[in-house]
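> After the sequence you'll find the predicted model.
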Amino acid sequence: MKSNMDLDKPSIFKYLVSNDTDAQWGLTVTTVGFHHITPDQEYPPQKHPEEYGFDYSKGRILNEYQLIYITRGKGTFKSKTVPQTKIKEGSLFLIAPGEWHTYKPEKDTGCDEYWVGFNGKIIDELVHNGFFQNTSEIFYMGINEELVSLYSKIIEVASEENTCFQQLMGGMVYHILSMLYYNQKKQQFGDKEIVNRVNKAKIIMHENIYNNITPEDIVQRLNLSYSWFRRAFKEYTGFSPAKYMNELKLQKAKTLLTNTSKSVKEISISLSFDNVEYFSTFFKKMTGKTPVEYRIYSTKFHKTKD
């Protein structure tokens, strides 16, 4: 069934240039477009530059990243690292530069596809830091109106080529990458029981911000294995349980220093630190300032804003 969002939408594509200033922004778009491929239509359509054209049997290698989003139809994708895989509407594949790959829609369905190609130090750092692989990947996003809107807006901005259009498009590509990463992590925690237990643990921590509660106390309340709990909590939140509790106490300490006249000692006691010296050491390690220095700084900052 054809997606209503792409109904009768004409094919369009743009190949773009960027300058040194654009490169300094961190993400530059090289190509963007949309194809409506009817059943039995030749794929890929002609009129693309030679380095982008290919046939299914030979495939191609790009010198950029591409995000290709299928909103209608079915097809087949494979690459050097991805075995031949059936693609359905709602699929999005991230193609890595330098990796051989190929894709074609099924003849009896055709497809509607959006794509955007890009390069830059931001995506290189995301890959280097493990947010994405340095190989091609396939994700399932479903039919997402926000995602279609972002691709459509990038196409619109590329067509107009107003001043700073590369910066605007780069921001939208980063938005797409953020959605992709969020969806990927969300799918990893499809087990609602795991999510519920981690959230219960977070609630217990918030409710005991003024108490000296430990991760071991929490696992006893929830009747969990400590090793399982610590691993699940860190995978879901990015923090170990102890680190998360420290962050909560730190944020509460900042609030009390900024918005109350309580002494550092009173704040230390209220947050169940062993002594004021340990609290001050902890606070400076986390913020680079002592509690007194932070209070002076925050007071000056708020006066300046007023």
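Yep, it's here. Numbering: from 1, shown residues only.
> Stretch 85-102: end-to-end distance?
In stretch 85-102, first residue to last residue: 11 Å (CA to CA, to the nearest Å).
> in it, what's buried?
Using 16 or more other CB atoms under 10 Å as the test for burial, stretch 85-102 gives 87, 89-97, 99, 101-102. C-betas here are computed from N, CA, C, even on glycine.
> Repeat that for stretch 110-125.
110-120, 122-123.
> ditto for stretch 69-78
When burial is assessed from 16+ other CB under 10 Å, stretch 69-78 yields the following buried residues: 69-75, 77-78.
> Let me see the residues that make contact with it.
Applying CB atoms under 8 Å, 6 or more residues apart in numbering, the external contacts of stretch 69-78 come out as 1-3, 5-6, 37, 84-93, 101-106, 109-115, 138, 141, 143, 147-148, 151.
> can you give me the strands in this structure?
For the chain, applying DSSP state E gives strands covering 12-15, 28-37, 65-73, 75-79, 85-87, 91-95, 101-105, 111-119, 137-140.
> buried residues in the last one?
Same thing as strand 137-140. Quick answer for strand 137-140 (16+ other CB under 10 Å): 137, 139.
> what pairs with it, and is each one parallel or antiparallel?
strand 91-95 (antiparallel) (DSSP bridges).
> Taking their axis directions, the strand it pairs with and strand 111-119 sit at what angle?
In terms of direction (axes from the mean of the first three to the mean of the last three CA atoms, to 10 degrees), strand 91-95 departs from strand 111-119 by 30 degrees.
> Can you tell me what sits against strand 91-95?
For strand 91-95, contacts defined as CB under 8 Å, 6+ apart pick out 62, 65-70, 77, 79, 87, 101, 103, 132, 136-141, 147, 180.
> Please repeat the previous calculation with a cut-off of 6 Å.
The set of residues external to strand 91-95 that reach it, using CB atoms under 6 Å, 6 or more residues apart in numbering, is 66-70, 77, 101, 136-141.
> Check stretch 42-53 too.
37, 104-105.
> Among those, which one lies nearest to V127?
The closest of the contacts of stretch 42-53 to V127 turns out to be K104 (CB to CB; 26.5 Å).
> That closest one contacts Y56, doesn't it?
Yes. Using CB atoms under 6 Å, K104 is in contact with Y56, at 4.4 Å.
> which non-adjacent residue is nearest I176?
L150 (5.5 Å; CB to CB, 6 or more residues apart in numbering).
> Next, count neighbours for that neighbour.
21 (other CB atoms under 10 Å).
> OK, contacts around it?
Taking CB under 6 Å, 6+ apart, one finds 172, 175-176 in contact with L150.
> G110 contacts P39, doesn't it?
Yes. Counting by CB under 6 Å, G110 touches P39, with 4.7 Å between them.
> What lies in contact with stretch 229-237?
So stretch 229-237 is in contact with 189, 194, 198, 219, 240-241, 244, going by CB under 6 Å, 6+ apart.
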